[in-house]
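K.L.:
sequence plus the predicted model coming up.
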Amino acid sequence: MDLLDFAVYRFLSPRGEARFWAGRRVIDPRITPREIAEQAGVSESGVRTRLHHLAERGYLADQSVIPNPALFDRRVFVADLLVRQSGEVDRILRDLSLVEGVVFTRDVMDEDEREIQVHFVSESESTAARVGALLGRLSPTGTAVVPHAYYTPPCERELSSVDWRVLQGVWRHPDAGFAEIARTAGISLKTAARSYRQLIDARACWWTHGPNSEEFPLALVRADLRGPAHRDAVAEWISREAPAWMPVTSDGFGLEPELAGAVVVGLVPADAPAVLERFLRKFAGIEGVARIRRTFALGSALYPTWFSDRIAGRVAARG
């Protein structure tokens with residue numbers, strides 16, 4: 001993995017900024033190799049070669065489509081389950097499939113502690129608290145966990161019956177072309193292409209790397225600031241000092257955009273611990289930074305049943 005690989009990977013999203021849904025990098029499937037080449041400063045053929053290289057190494061093995069929970073009047077919450085021994089992980093992931101509303105899990109090493117971050121949908125904080133109590137019983141520690149809200153941007157479009165059929169098509173087949181989407185939805189190619197683009201622009205769903213993809217060697221670092229006034233200076237310092245970095249949008253890590261007291265960045269190389277440690281020590285010491293917290297992704301799992309059932313219900317109701 002080198003800096004050119006990272007540059008190509010970075011510009012799979014507009015302006016090279018990152019947004020994360022439940023820990024998985026959100027990408028824009030409409031971005032072409034030519035656009036990536038213009039941003040990364042390399043040839044289009046070079047971009048295609050690097051994309052092929054990344055796919056061979058497993059970083060772009062597959063894609064997933066994640067519907068916006070707001071389509072179903074649900075909010076997202078996260079509960080962190082501590083892991084005492086690595087052998088517990090498979091059992092936890094298997095048991096979580098039995099919990100109503102669990103849609104995604106992320107296995108991370110977080111400041112020398114390993115934990116499973118469980119993302120689930122719920123109607124309210126009170127119902128989320130009940131799910132947290134249930135999840136606590138699945139935790140190796142056996143103690144209740146306190147879920148916290150994970151911000152997701154609202155959907156800016158009221159979906160039509162056509163939109164729901166297109167959403168169901170890309171949910172089932174994230175790599176499908178317009179012709180396949182049109183055929184399965186029973187609509188014209190032009191209508192399929194228009195609905196596809198509108199779903200993305202309205203944030204009705206997001207494309208991410210799928211669970212079969214390897215985690216890119218990226219350390220996600222959140223810096224809590226001493227005040228919003230320090231935000232621009234800290235971001236400028238990172239862009240100047242980081243050997244390779246990925247800016248994260250203000251709402252890109254489950255944080256509300258108004259939360260200006262935090263900065264989240266992706267840093268490479270996460271697989272060179274000494275380099276990363278030196279950088280983080282400098283980062284923690286600059287003016288305005290109160291605390292830093294980093295996470296290394298070890299893996300993730302999707303639980304599609306909840307979304308699949310509700311999309312099918314909407315398609316049937318509007319069909």
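P.N.:
Nice, I can see it.

K.L.:
got any ranges where the stretch 1-150 of the chain has weak pLDDT?
P.N.:
1, 22-23 (pLDDT under 70).

K.L.:
show me where it has its helices.
P.N.:
3-10, 33-40, 44-56, 89-96, 125-138 (DSSP state H, counting those that start in this stretch).

K.L.:
go through the ones you listed and name the closest to residue 267.
P.N.:
helix 3-10 (10.1 Å; C-beta to C-beta). The way it works is simple: take the backbone N, C-alpha and C, and place the C-beta from them, glycine included.

K.L.:
go through the closest one and flag the buried ones.
P.N.:
Neighbour-count burial for helix 3-10, with 16 or more other C-beta atoms under 10 Å as criterion, is recorded at 4-10.

K.L.:
hey, which of the helices of the stretch 1-150 of the chain is tucked in deepest?
P.N.:
Of all these, helix 3-10 has the most neighbours on average by mean count of other C-beta atoms under 10 Å, namely a mean of 21.

K.L.:
show me what that helix is packed up against.
P.N.:
Helix 3-10 sits against helix 33-40, helix 44-56, with contacts defined as 3 or more C-beta pairs under 8 Å, 6 or more residues apart in numbering; DSSP states H and E.

K.L.:
of all those, which lies closest to residue 218?
P.N.:
Going by C-beta to C-beta, the one of those nearest residue 218 is helix 44-56, 12.7 Å.

K.L.:
the closest one relative to helix 3-10, how many degrees between them?
P.N.:
Angle, helix 44-56 to helix 3-10, by axes from the mean of the first three to the mean of the last three C-alpha atoms, to 10 degrees: 90 degrees.

K.L.:
name the helices or strands packed onto helix 44-56?
P.N.:
By 3+ C-beta pairs under 8 Å, 6+ apart, helix 44-56 packs against helix 3-10, helix 33-40.

K.L.:
same list, those, but as JSON lines with distance to residue 217 please.
P.N.:
Formatted as JSON lines, the helices and strands packed on helix 44-56 follow (distance: least, C-beta to C-beta, whole Å):
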{"stretch": "helix 3-10", "distance to residue 217": "9"}
{"stretch": "helix 33-40", "distance to residue 217": "18"}
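
K.L.:
re earlier: mind putting the helices and strands packed on helix 3-10 in CSV, distance to residue 126 included?
P.N.:
Formatted as CSV, the helices and strands packed on helix 3-10 follow (distance: least, C-beta to C-beta, whole Å):
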stretch, distance to residue 126
helix 33-40, 45
helix 44-56, 44
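
K.L.:
report the distance from the helix or strand encompassing residue 208 to the chain centre.
P.N.:
Secondary structure assigned from DSSP states H and E places residue 208 in strand 205-209. Distance of strand 205-209 from its chain centroid, counting by C-alpha atoms, centre = their mean, to the nearest Å, is 8 Å.

K.L.:
buried stuff in it?
P.N.:
205-209.

K.L.:
buried sites along the helix or strand following that strand?
P.N.:
Using DSSP H and E, the next helix or strand after strand 205-209 towards the C-terminus is strand 219-225. For strand 219-225, a neighbour-count test (16+ other C-beta under 10 Å) marks 219-223, 225 as buried.

K.L.:
circling back to that earlier point, tell me which of the buried residues of strand 205-209 has the lowest pLDDT.
P.N.:
On pLDDT alone, residue 209 ranks lowest of the buried residues of strand 205-209, at 85.

K.L.:
okay, now the domains of this structure?
P.N.:
3-65, 69-151 (automatic domain parsing).

K.L.:
nearest to residue 158, of those domains?
P.N.:
Judging the domains of the chain by C-beta to C-beta, what sits closest to residue 158 is domain 69-151, at 9.7 Å.

K.L.:
sheet partners, orientation included, of the top strand by length along the chain?
P.N.:
For the chain, the longest strand by residue count, based on DSSP state E, is strand 289-302. When pairing is defined by DSSP bridges, strand 289-302 lines up against strand 102-110 (antiparallel), strand 219-225 (antiparallel).

K.L.:
now for the helix or strand following the shortest one, which elements pack on it?
P.N.:
On the C-terminal side of strand 219-225, the closest following helix or strand by DSSP H and E is helix 231-241. Applying 3+ C-beta pairs under 8 Å, 6+ apart, one finds that helix 231-241 makes contact with strand 219-225, strand 245-247, strand 262-267, helix 273-284.

K.L.:
please redo it, this time with the cut-off set to 7 Å
P.N.:
Under the contact definition 3 or more C-beta pairs under 7 Å, 6 or more residues apart in numbering; DSSP states H and E, helix 231-241 sits against strand 219-225, strand 262-267.

K.L.:
good, we can wrap up now.
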